[in-house]
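**Q** below are the sequence and a predicted model for it; my questions follow.
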Amino acid sequence: MGSVDFDVVIIGGGVVGLACAVHASTRARSVLLLERNARFGEETSTRNSGVIHAGLYYPTGSLKARACVAGRELLYARCERHGVEHRRCGKLLVATQDSERARLQELQTLGLANGAGELVMLEAAELARLEPNVRAEAALLSPQTGIVDAHGLMDSYRADARDAGAELLPRTEVTGIVREGAQFRVETRASDGATHTIACARVVNAAGLASDRIARMAGVDTAAAGLSLHYCKGDYFALSPSLGALCSHLVYPVPAQAGLGIHVTLDLGGQLSAGPDVEYVDEIDYAIDPDKVGDFARAVARYLPQVRAEHLTPNYAGIRPKLQGPGQGFRDFVIEDAAPHGVPGLINLIGIESPGLTASEALALEVAALLD
């Protein structure tokens, strides 16, 4: 058996892949991370609301719930340690009609069971004192929810990974994965067309939108294993600065099936955005449909009645790698060694959507445990 070039090759340089590079390399392993884009985190990691989730929405005991709660605390600590800009601004989940109160109470019970921190039920008058522009019959306040500079967070992971000896290689696409005995050959093509073959003992598939394709490339029958992804697109619209500081908290409606509903978030500069909506698509396309502006305005005006269509302009779009298709129920994150699928030594991370940003370091610790 020949020698390996690296102990671990990580495929995918989003926030979770970078976190995996930190925790794999700090365990005395040689690590190479491959990212197909010129910049790290260009896809799912930065095309989202930038929210630090508390852990309200996910079934108790699920990996999403556990990793969100653990990851939230790890993320806040990392931000403090590395000087990553963030704000624990809090979130309001609003019931715009009386029939939605029961759902708020369900989410309060679920969030408390998950460890989401303090969750306070507010009546309309209390909500009006806290956020005078928000209209709702009741609201659930989550003080532990916040926002983060996703680029700054990824920079902190990159710095830690490099300090631990990891090599991070952008502009490099994986074109083949072959298992030979106890090793893998990972075939790559750089942006200049140069090809290379890398020998390694383990492969971590953190390729996000391409994670099911990478798993198939390595020999996993993703259709038979129930690991095929569905692309779920969400557009975002910016709110006009002419509206002023409409709210100081994030404001969410009662969640819809495939998403959390069109919510209003603020970034660290104070810019308000509305989104995302939910649209399953067949291809990756980040173009924003400006004709959705009326639907967005109506959705937001349910709880922020000042907002009209003329206050909204297209901002950006993101695509979530979901394991559940249209109309299907909850699917958890998948993090597993692919030995049951005939490819031992391949660790797949598939379906890492929200709350993946919040959970990134906790998920990396799950991967590190599998590597150990």
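**A** That came through, no problem.
**Q** give me every residue that touches Gly176.
**A** Counting by CB atoms under 8 Å, 6 or more residues apart in numbering, Gly176 touches Arg185, Val186, Glu187, Met217. For glycine as for every other residue, the C-beta is placed from the backbone atoms N, C-alpha and C.
**Q** quick one, phi psi at the closest residue to the first one other than its chain neighbours?
**A** Taking CB to CB, 6 or more residues apart in numbering as the measure, Arg185 lies nearest to Val178, with 4.6 Å between them; neighbours along the chain are not counted. According to degrees, to the nearest 10, the main-chain angles of Val178 amount to phi -130, psi 130.
**Q** mind listing what Val178 touches?
**A** Val178 is in contact with Phe184, Arg185, Glu187, counting by CB under 8 Å, 6+ apart.
**Q** go on, Leu357?
**A** Applying CB under 8 Å, 6+ apart, the residues near Leu357 are Val15, Ser45, Asn48, Gly50, Val51, Ile52, Val148, Ala150, Leu153.
**Q** make it 6 Å
**A** Contacts for Leu357 (CB atoms under 6 Å, 6 or more residues apart in numbering) come out as Val15.
**Q** buried subset of the contacts of Gly176, written for ChimeraX?
**A** Applying 16 or more other CB atoms under 10 Å to these, the buried members can be selected in ChimeraX as follows:
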select :186,217
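**Q** list the buried residues of stretch 110-118.
**A** By 16+ other CB under 10 Å, the buried positions in stretch 110-118 come out as Leu110, Gly111, Asn114, Gly115, Ala116, Gly117.
**Q** ok, of those residues, which one's closest to His86?
**A** Using CB to CB, Gly117 is the member of the buried residues of stretch 110-118 that lies nearest His86, at 15.7 Å.
**Q** possible to save the buried residues of stretch 110-118 as TSV with pLDDT and distance to Ser191?
**A** Compiled in TSV, these are given as follows (pLDDT from 0 to 100; distance: CB to CB, whole Å):
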residue	pLDDT	distance to Ser191
Leu110	98	45
Gly111	98	44
Asn114	98	42
Gly115	98	43
Ala116	98	42
Gly117	97	44
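**Q** show me what contacts Ala201?
**A** Val4, Asp7.
**Q** the helix or strand encompassing it pairs with which strands?
**A** Per DSSP states H and E, Ala201 falls inside strand 195-205. Strand 195-205 has the following sheet partners, assigned by DSSP bridges: strand 6-11 (parallel), strand 183-190 (antiparallel), strand 346-350 (parallel).
**Q** return the distance of the second one from the chain's centre.
**A** Just to be clear, that refers to strand 183-190. Here the centre of strand 183-190 is set off from its chain's centre by 27 Å, with CA atoms, centre = their mean, to the nearest Å.
**Q** one more: stretch 357-372?
**A** Distance, centroid of stretch 357-372 to centroid of chain: 14 Å (CA atoms, centre = their mean).
**Q** re earlier: give me the subset of the buried residues of stretch 110-118 lying in helices.
**A** Leu110, Gly111, Asn114 (DSSP state H).
**Q** so how far is Gly50 from the second one?
**A** What it means is Gly111. 20 Å (CB to CB, to the nearest Å).
**Q** got CSV for the buried residues of stretch 110-118, with distance to Leu363 too?
**A** What follows is those, written out as CSV (distance: CB to CB, whole Å):
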residue, distance to Leu363
Leu110, 21
Gly111, 20
Asn114, 16
Gly115, 16
Ala116, 18
Gly117, 20
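**Q** how about the strands paired with strand 195-205 in CSV, adding distance to Glu279 and mean pLDDT?
**A** Listed next are those as CSV, based on distance: least, CB to CB, whole Å; pLDDT from 0 to 100:
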stretch, distance to Glu279, mean pLDDT
strand 6-11, 27, 98
strand 183-190, 32, 97
strand 346-350, 21, 98
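**Q** keeping just the C-alphas, turn the helix or strand where Phe237 lies into CSV.
**A** According to DSSP H and E, Phe237 maps onto strand 230-239. Extracted as CSV, the C-alpha positions of strand 230-239 are listed here (Å, rounded to 0.1, in the frame of the first residue of the first chain):
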residue,chain,number,x,y,z
HIS,A,230,-33.6,18.9,-3.8
TYR,A,231,-32.6,22.5,-4.6
CYS,A,232,-34.9,25.0,-2.7
LYS,A,233,-34.4,28.6,-3.8
GLY,A,234,-35.2,31.6,-1.8
ASP,A,235,-35.2,35.2,-3.0
TYR,A,236,-34.5,38.3,-0.7
PHE,A,237,-35.7,41.8,-1.2
ALA,A,238,-34.1,44.9,0.5
LEU,A,239,-36.4,47.3,2.4
